[in-house]
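[1] generate coordinates for the sequence data below:
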Amino acid sequence: MSRRPLRLLATLLTLTIVAACAQEADEPLAGGAGAGGGAAGPDDGSGGGTLEWTSCGGDAECAELEVPVDYANPDGDTLTISIARVPAEGDRIGALFVNPGGPGATAADFAVSLAWALPSEVTEHFDIVGVDPRGLGASEIDCGGDMTELYGLDPTIDSPEDAEELLDVSQDYVDGCEADAGELLPYLGTEEVARDIDAVREAMGDEQLNYLGFSYGTAIGQVLADLYPDRVRAMVLDGVLELGPDGVEIATQQAAGFETALERFADDCRDDPSCPIADDPIGAIEELEAMVEEEPIPAEPRDLGPGELSIGLAMPLYSELLWPELAEAVADALDGDGSGMVALADQYIGVASFDVYFAVNCIDFDWPEDPQELLDAAAEAAESAPHFGEAIVNDYVRCPLWPVEEEPLEPVTAPGAPPILVVSTTGDPATPYEAGVRTAERLESGVLLTYDGDGHTVVANGVACVDEIVADYLVDLEVPEDGTTCTD
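    Residues are numbered from 1 along each chain as shown. Next up, the predicted model:
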């Protein structure tokens with residue numbers, strides 16, 4: 001039924017940490033996208049372009065499409081978006097648009113990798129298509145910031161100096177974004193990304209679209225369904241980013257999700273005699289946190305400080321496959337070598353474009369106008385999420401400084417849309433299970449599929465029960481009973 005499992009690592013908040021894929025069979029797309037097509041489409045958000053597909057490595061084909069910068073002004077400036085697809089292997093039903101999350105992950109590269117991991121029933125009948133969100137690929141922005149510096153800052157504020165450094169470095173980063181992409185920044189939000197996908201659907205000649213979104217990609221899906229309910233044939237949302245709460249609320253909920261995931265990691269470690277911190281996993285982590293607050297721990301390529309430790313702890317909680325690596329990194333750091341933890345932090349830093357990540361999140365959600373109000377909210381979040389609350393909320397201190405006004409996404413009900421399959425994992429750290437439950441209830445046609453397990457997102461990860469249900473739904477429109485539960 002399924003091909004090899006694909007692990008999706010999604011970025012924060014998702015507000016999320018970005019879903020990317022780790023696999024060995026496919027290389028990044030060769031040579032980028034191919035030649036692209038014509039003029040932008042009418043006011044309803046559709047594009048009237050044409051696509052010229054060119055081979056770009058293996059089975060992949062690439063193209064580009066010109067779309068309006070501002071869909072409210074379709075005759076104004078345009079930008080180029082990158083697209084990749086792996087064509088259906090058999091009788092084609094249509095295109096299955098996919099997005100890995102982020103914001104800030106390339107959907108074009110992801111589509112090629114995901115095609116290798118999806119059930120064969122799906123790849124037989126669907127082109128697997130990735131449309132790069134604005135700010136990536138052909139429309140790439142570059143704020144010029146040093147992410148190792150930004151995420152090397154102490155995210156827990158213990159002194160006025162900590163706060164001043166966090167705000168000063170963040171302001172410099174925001175200024176770089178405004179200088180590089182100021183005119184485009186207002187048009188990088190999720191609604192524009194959803195309209196771009198529909199423009200590609202039209203350019204491909206399909207009357208309806210099918211969609212599979214992970215993590216932040218579920219926000220794109222919700223907006224698509226709300227904008228174009230009659231154009232949706234089937235939609236799967238895995239690891240749901242809930243629309244409705246403001247940015248601080250979502251960040252606080254995510255911090256609680258990471259605390260839950262940390263406890264599940266600790267329980268697993270205690271039950272494993274080979275785990276090097278099995279005697280007291282949480283105690284070992286807290287000892288390490290105290291150590292780096294006193295002074296950095298030697299490491300390569302740079303020393304381990306509070307910033308690196310914060311994201312180094314969070315990164316492996318996205319997948320239980322990384323739990324042993326987390327335990328080893330903690331043990332090594334306690335012994336004086338922080339290189340393993342810095343390596344985990346660098347996996348996080350390298351997984352996606354943080355320029356797009358902040359550009360989208362700072363537009364899509366309400367944030368405090370005063371940075372101090374956000375810092376205060378972060379300190380409050382630490383009371384219920386002591387290991388992650390302050391760091392996760394403070395990550396968004398860039399948003400009160402952002403030069404573009406928010407246009408917060410509203411809660412979506414998508415009236416008139418066909419059944420939307422919402423997949424939520426009980427131990428998901430980045431998009432907590434309850435967010436999926438609430439979203440399935442709120443969507444007029446939402447159907448909840450629960451995965452009782454760990455990790456961030458599950459489709460195409462080798463869980464047969466989930467993949468069979470998703471394949472039957474996408475191919476034959478067989479809708480499972482609401483509330484169905486799958487386990488390993």
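
[2] residue ranges with poor pLDDT in the stretch 101-250 of the chain?
    Residue ranges of the stretch 101-250 of the chain with pLDDT under 70: none are present.

[3] ends of stretch 242-249, how far apart?
    Terminal residues of stretch 242-249 lie 10 Å apart, using Cα to Cα, to the nearest Å.

[4] residues of that stretch that come out buried?
    Neighbour-count burial for stretch 242-249 flags Glu242, Leu243, Gly244, Pro245, Gly247, Val248, Glu249 (criterion: 16 or more other Cβ atoms under 10 Å). Glycine gets a C-beta too; all of them are placed from N, C-alpha and C.

[5] max pairwise distance over those: which two?
    For those, the farthest-apart pair by Cβ to Cβ is Leu243 and Val248; their separation is 14.9 Å.

[6] hang on, the earlier thing: need the buried residues of stretch 242-249 in TSV with distance to Asp198 and secondary structure, can you?
    Listed next are those as TSV, based on distance: Cβ to Cβ, whole Å; DSSP: H, G, I helix; E, B strand; the rest coil:
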residue	distance to Asp198	secondary structure
Glu242	23	coil
Leu243	18	coil
Gly244	23	coil
Pro245	26	coil
Gly247	26	helix
Val248	31	helix
Glu249	29	helix
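
[7] out of the residues you listed, which comes closest to Leu317?
    Ranked by distance to Leu317 (Cβ to Cβ), the buried residues of stretch 242-249 are led by Glu242 at 19.3 Å.

[8] next, that closest one: phi, psi?
    phi -80, psi 130 (degrees, to the nearest 10).

[9] what's near enough to touch it?
    Residues near Glu242 by Cβ atoms under 8 Å, 6 or more residues apart in numbering: Ile250, Gln253, Thr431, Ala435, Arg438, Thr439.

[10] which one of those is nearest Gly152?
    Using Cβ to Cβ, the contacts of Glu242 come closest to Gly152 at Ile250, 24.5 Å.

[11] hang on, the earlier thing: most neighbours, which of the contacts of Glu242?
    Comparing the contacts of Glu242 by number of neighbours (other Cβ atoms under 10 Å), Thr431 comes first, having 33 neighbours.

[12] does that residue belong to a helix, a strand or coil?
    Three-state call for Thr431 (DSSP: H, G, I helix; E, B strand; the rest coil): coil.

[13] list just the nearest of the buried residues of stretch 242-249 to Ser353.
    For the buried residues of stretch 242-249, the nearest to Ser353 is Gly247 (18.9 Å; Cβ to Cβ).

[14] hmm, back to that, including distance to Ala261, could the buried residues of stretch 242-249 go into CSV?
    Listed next are these as CSV, based on distance: Cβ to Cβ, whole Å:
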residue, distance to Ala261
Glu242, 17
Leu243, 22
Gly244, 23
Pro245, 20
Gly247, 21
Val248, 20
Glu249, 19
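
[15] show me which of these is closest to Ala163.
    Using Cβ to Cβ, the buried residues of stretch 242-249 come closest to Ala163 at Val248, 16.8 Å.
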